[in-house]
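[1] Next input, structure requested:
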Amino acid sequence: MSPEPPVPSGGGAALELLVHGVGGATPQEMLADPYTVRITGDETAAIHRRPDDEEAESHPKRYEDGPVPEAYCWSNLTSGNGARALWLLLLPFMVVNLAHWMRPATNGLARTQRLYGVFVRLLALTLTVLLTAGACEVALDLVAWQCAGSAGCAEDRAWLGFLSAARDGWWAQPGRRLALAALVPALLVALLWYLSNRTWSAYEAQRPPTDSVPGGSLPEPGPEAGDDDATDACEGPARGTAGESVQRTPKVRPALGRPGFWYGRRLVARLRAAHTAAGFLTVAGAITGATARHDRGASSAVREGAGWLLQSTLVAGALVVLWVVCSRGRSERRRDGTLDNAVISRLPAVSLALLGLCVLYAAWSRPEWVSAGTLPGAITFPVLVLAQGVLVVALAAAALVLHRRAPHARIALLGLGGPAVAMLACALAGVMTGGVAQRVGDWLDGSGTPGMGEGSIVGPPVLLSWQAAVIPVLLVLLLIPVALLAVRTVRTARRLAPVVEAEYGSREEKVTPDSVRTRRIAGARARAELTDAAPWLVGLVSGATLLLGVGAVLGAWLSGDVPGRAAEGGPALVQSVADTAQALGSWLIGLGFILFVTWGRRAYRDPSARRTIGILWDVGTFWPRASHPFAPPCYAERAVPDLTWRMASWTARTGGRLVISGHSQGSVLAAAAVWQLPEGTRHRVALLTYGSPLERLYGRWFPAYFGAGPLSDLGREVHCWRNLWRATDPIGGPVRLGADGDAPAVDRGPLKDPLAYGRTERRPLPEPILGHSEYQADPAFAVERAALLDRLPPALPAQRDGAATDRGAPESPRSQGSSGRSSA
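    Numbering: from 1, shown residues only. Here you go, the predicted structure:
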């Protein structure tokens with residue numbers, strides 16, 4: 001048995017607000033009680049207590065020995081039924097949204113910061129266009145243009161018979177086939193708009209705490225910087241009682257403490273309108289481009305003029321979309337509750353109407369038109385890939401400029417984390433769109449290989465085949481760093497083995513060395529260190545992807561053929577490698593997409609599988625949608641205001657002491673909520689984090705928001721803070737504050753894991769290696785929690801006496817009508 005934890009000294013009401021981490025947890029697990037009561041909240045996110053603790057404020061003497069525990073459960077914000085696995089189809093949008101938040105921390109350079117945000121938003125726009133173009137490639141080119149235009153392909157598929165050119169029906173003309181097939185990508189764009197609008201009303205449209213939040217007023221916002229929180233907000237001159245100018249001391253709030261940070265209503269609505277319009281315009285451009293090209297060679301001046309007019313209108317619409325995306329970024333210094341004018345809000349409807357006109361234009365009778373080869377407009381994919389490459393390079397240049405102004409050794413990839421992740425987002429989008437096109441092409445072509453001239457259709461654009469062919473090359477290149485990391489892990493485990501034995505030998509009496517036990521402990525520590533090598537692995541993958549992507553574009557442009565045919569006439573070895581890479585890449589890209597979807601669905605149905613990838617998903621959806629409106633919704637825009645309201649209202653009502661206790665991703669939510677508290681409330685709150693990725697993950701990858709500067713500010717603003725970590729934890733780590741004396745010491749660790757090396761009188765059974773889990777089982781947890789409570793100021797007498805009679809006071813913007821509902 002562990003020693004009895006110290007009892008905090010009496011100081012009035014005390015509350016421990018527990019926030020779980022990755023993978024979620026039930027309130028029964030968090031409170032160690034099979035029965036719980038929902039105090040406030042709904043089915044999505046709520047605060048629970050034990051039934052005996054429901055009226056704890058009315059009986060303060062019962063809880064003099066420790067705080068009242070209550071659990072905030074937010075797991076339903078990121079998981080739920082299997083249908084939410086469809087969110088994984090939006091993974092490229094989520095990844096490119098992360099690039100926005102990975103901007104290096106810097107001093108000044110407001111224009112460069114704005115350019116960084118513009119480049120990320122333009123990259124996000126290319127992903128929407130790429131996804132829509134991929135749907136157009138499948139529906140318009142492969143099915144309506146190639147297969148329906150080929151007698152051999154259409155005859156084998158009864159469902160395509162009414163579109164077959166060989167039957168000479170009303171739908172047999174290429175323009176009409178394209179007009180009908182345009183419904184598929186148009187419906188995809190409409191679905192994305194619906195999902196974004198639905199989640200927007202549940203997340204971004206939820207108002208954060210106002211200036212009337214209990215416990216004091218929130219920080220005053222500074223003047224609007226114009227874009228992407230690019231400049232610091234300072235209070236301007238104020239007027240004294242006699243009208244004279246009084247210069248106030250500038251007060252700059254950390255980004256996560258600004259009033260509008262968790263309220264992205266206006267920007268998401270603006271970007272949603274632009275991206276929806278871009279999707280519709282992409283479909284319209286695919287139809288009109290092919291149709292107008294035919295009409296320019298025909299004898300009808302009317303149709304030719306209509307084609308030029310529509311294409312000019314599409315170009316104008318594209319320019320408007322670019323202006324909307326580039327002209328405005330996030331507004332964080334104030335709660336911008338307004339929406340844009342009708343020109344922007346009606347942009348999707350205007351684009352949809354323009355798409356309808358293009359459909360009518362394509363359906364115009366053209367009996368002489370015959371479809372052959374690939375659909376005109378295959379240049380779209382090379383242009384998109386080149387644009388993405390140029391934007392990634394420009395983003396990297398901006399990131400380097402920002403990083404050089406304020407370099408820090410802990411920042412991942414020397415500030416190039418954002419460009420590297422943006423490159424991965426482009427690669428993921430290419431794999432998803434190319435995988436679907438390749439698989440559909442293989443299916444329609446029967447036994448032939450697309451692009452080799454063996455079947456009834458030509459197949460997808462040449463560039464997609466080149467992109468698929470470089471995937472096996474990329475996988476082979478990845479084997480090198482993976483092998484090096486494996487070797488390093490083995491060597492590290494061997495180096496740590498004597499350290500482990502010496503460490504436990506100094507703490508326990510009569511420890512008999514056990515080589516198997518030692519290897520397990522040392523191996524767990526060595527594997528945990530792999531997390532610190534992740535930045536360079538991401539950088540290598542991103543760099544290789546960029547170079548191979550450039551090679552694929554050059555190969556497609558110079559040869560004009562798929563790799564297998566381009567290598568014909570060359571050495572036998574080169575031809576064999578090209579054929580193998582093309583065939584293997586085509587299958588890998590399709591198989592990868594299928595595994596991606598099935599694995600994602602399993603992750604939402606199987607809790608153990610969800611914990612495997614949960615940290616990546618929860619990190620991605622923690623951040624607001626600042627660059628891509630179709631990304632999965634930000635759960636923190638609900639969770640952070642929930643926690644802020646709970647802490648502010650409880651301390652204002654009771655005057656008591658509060659410890660917010662966050663594990664893993666819950667520690668990030670806890671820190672973000674503390675940042676949002678009024679200054680007076682922050683001094684009555686203690687922060688206890690354990691297994692926390694605040695510095696190890698967030699501080700390195702998101703330095704402008706969780707870097708050394710913001711975390712030091714948090715350490716000074718909160719009344720007291722302690723962080724527990726283990727050397728065997730692959731996710732959590734120290735926050736590295738207080739080492740140089742600029743902030744109070746925060747870290748305690750590494751904690752002993754396992755708690756005992758072998759069998760002892762107090763622990764007769766073998767202790768497990770806990771790693772990232774069960775921090776509360778460590779005796780240090782109770783010790784540090786009690787110490788934090790002792791350091792908090794005691795409750796004010798008036799509030800302490802009035803707490804018992806104020807049980808029904810409002811605690812959150814939601815009603816307390818849910819109180820008393822229990823679950824088992």
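[2] how about the strands in the stretch 1-150 of the chain?
    14-19, 36-41, 46-49, 68-73 (DSSP state E, counting those that start in this stretch).
[3] Which one of those strands lies nearest to residue 754?
    Taking C-beta to C-beta, strand 14-19 is the member of the strands of the stretch 1-150 of the chain nearest to residue 754, at 23.7 Å. For glycine as for every other residue, the C-beta is placed from the backbone atoms N, C-alpha and C.
[4] contact partners of that closest one?
    The contact list for strand 14-19 (C-beta atoms under 8 Å, 6 or more residues apart in numbering) reads 8, 30-31, 47, 63, 66-72, 74, 643, 646-647, 650, 654, 656-663, 666-667, 669-670, 785, 789.
[5] what's the angle between that strand and strand 68-73?
    Between strand 14-19 and strand 68-73, the angle formed by their directions is 20 degrees, by axes from the mean of the first three to the mean of the last three C-alpha atoms, to 10 degrees.
[6] Run through the residues that contact residue 578.
    Counting by C-beta under 8 Å, 6+ apart, the residues that residue 578 touches are 469, 563-564, 566-567.
[7] Select from the residues you listed the one having the most neighbours.
    residue 469 (29 neighbours; other C-beta atoms under 10 Å).
[8] mind checking how far that residue is from residue 438?
    Separation of residue 469 from residue 438 (C-beta to C-beta, to the nearest Å) stands at 11 Å.
[9] per-residue confidence at residue 164?
    If you check residue 164, the pLDDT there is 80.
[10] Kindly apply the preceding question to residue 121 instead.
    Residue 121 is assigned 97 on the pLDDT scale.
[11] Pretty sure it sits against residue 627.
    Yes. Contact criterion C-beta atoms under 8 Å: residue 121 and residue 627 qualify, at 4.8 Å.
[12] shared neighbours of these two, anything?
    Taking C-beta under 8 Å, 6+ apart as the contact rule, residue 121 and residue 627 both touch 100, 271.
[13] More neighbours: these two, which one.
    Higher neighbour count among residue 121 and residue 627: residue 627, with 32 against 28, using other C-beta under 10 Å.
[14] for that one, phi and psi?
    phi -130, psi -30 (degrees, to the nearest 10).
[15] Distance check, it against residue 651.
    36 Å.
[16] Kindly report the same for residue 123.
    43 Å.
[17] So which of the contacts of strand 14-19 are in helices?
    Residues of the contacts of strand 14-19 located in helices (DSSP state H): 30-31, 643, 646-647, 650, 654, 666-667, 669-670, 785, 789.
[18] can you list the strands of the stretch 1-150 of the chain in JSON lines and add mean neighbour count and distance to residue 309?
    Listed next are the strands of the stretch 1-150 of the chain as JSON lines, based on neighbours: other C-beta atoms under 10 Å; distance: least, C-beta to C-beta, whole Å:
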{"stretch": "strand 14-19", "mean neighbour count": "24", "distance to residue 309": "58"}
{"stretch": "strand 36-41", "mean neighbour count": "22", "distance to residue 309": "56"}
{"stretch": "strand 46-49", "mean neighbour count": "24", "distance to residue 309": "57"}
{"stretch": "strand 68-73", "mean neighbour count": "24", "distance to residue 309": "57"}
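[19] Of these, which is nearest residue 713?
    strand 14-19 (20.9 Å).
[20] Show me what that closest one pairs with in its sheet, parallel or antiparallel.
    Taking DSSP bridges as the criterion, strand 14-19 forms sheet pairs with strand 68-73 (parallel), strand 657-663 (parallel).
[21] now those strands in CSV, with distance to residue 478 and mean pLDDT?
    Output for the strands paired with strand 14-19, formatted as CSV (distance: least, C-beta to C-beta, whole Å; pLDDT from 0 to 100):
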stretch, distance to residue 478, mean pLDDT
strand 68-73, 38, 95
strand 657-663, 32, 95
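[22] Turn these into TSV, including distance to residue 96.
    Listed next are the strands paired with strand 14-19 as TSV, based on distance: least, C-beta to C-beta, whole Å:
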stretch	distance to residue 96
strand 68-73	30
strand 657-663	28
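[23] for the stretch 351-500 of the chain, which spans come out with low pLDDT?
    447-454 (pLDDT under 70).
[24] List the contacts of the residue lying farthest from the centre of the chain.
    When each C-alpha in the chain is compared with the mean C-alpha position (C-alpha atoms, centre = their mean), residue 299 comes out farthest, at 52.8 Å. When contacts are counted by C-beta under 8 Å, 6+ apart, residue 299 touches no other residue.
[25] Identify the residue nearest the geometric centre of this protein.
    Note on the chain: the residue nearest the mean C-alpha position is residue 620, at 1.8 Å, using C-alpha atoms, centre = their mean.
[26] can you give me phi and psi for the residue nearest to residue 174 when sequence neighbours are not counted?
    Leaving aside its sequence neighbours, residue 174 sits nearest to residue 371 (C-beta to C-beta, 6 or more residues apart in numbering; 4.3 Å). Note on residue 371: backbone dihedrals following degrees, to the nearest 10 are phi -90, psi 140.
[27] contacting residues for residue 371?
    145-146, 148-149, 165, 174, 177.
[28] could I get the strands of the stretch 1-150 of the chain as JSON lines with distance to residue 403?
    Formatted as JSON lines, the strands of the stretch 1-150 of the chain follow (distance: least, C-beta to C-beta, whole Å):
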{"stretch": "strand 14-19", "distance to residue 403": "32"}
{"stretch": "strand 36-41", "distance to residue 403": "41"}
{"stretch": "strand 46-49", "distance to residue 403": "41"}
{"stretch": "strand 68-73", "distance to residue 403": "36"}
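[29] Quick one: closest of those to residue 735.
    Going by C-beta to C-beta, the one of the strands of the stretch 1-150 of the chain nearest residue 735 is strand 14-19, 16.5 Å.
[30] least confident pick among the ones in helices among the contacts of strand 14-19?
    Across the ones in helices among the contacts of strand 14-19, the bottom pLDDT score, 87, is held by residue 654.
[31] Verify the contact between that one and residue 57 for me.
    Yes. Contact status for residue 654 versus residue 57: in contact at 6.0 Å, counting by C-beta under 8 Å.
[32] And what about residue 750, helix, strand or coil?
    Put simply, residue 750 is strand when judged by DSSP: H, G, I helix; E, B strand; the rest coil.
[33] mind checking how far the closest residue to it other than its chain neighbours is from residue 625?
    Residue nearest to residue 750 in three dimensions, not counting chain neighbours: residue 727, with 4.1 Å by C-beta to C-beta, 6+ apart. Taking C-beta to C-beta as the measure, residue 727 falls 36 Å from residue 625.
[34] Which one of those two is surrounded by more residues?
    residue 625 (29 against 21).
[35] which residues touch that one?
    Counting by C-beta under 8 Å, 6+ apart, the residues that residue 625 touches are 97, 204, 264, 267-268, 271, 631, 633-634.
[36] Tell me, how many residues neighbour residue 298?
    Neighbour count of residue 298, defined by other C-beta under 10 Å: 13.
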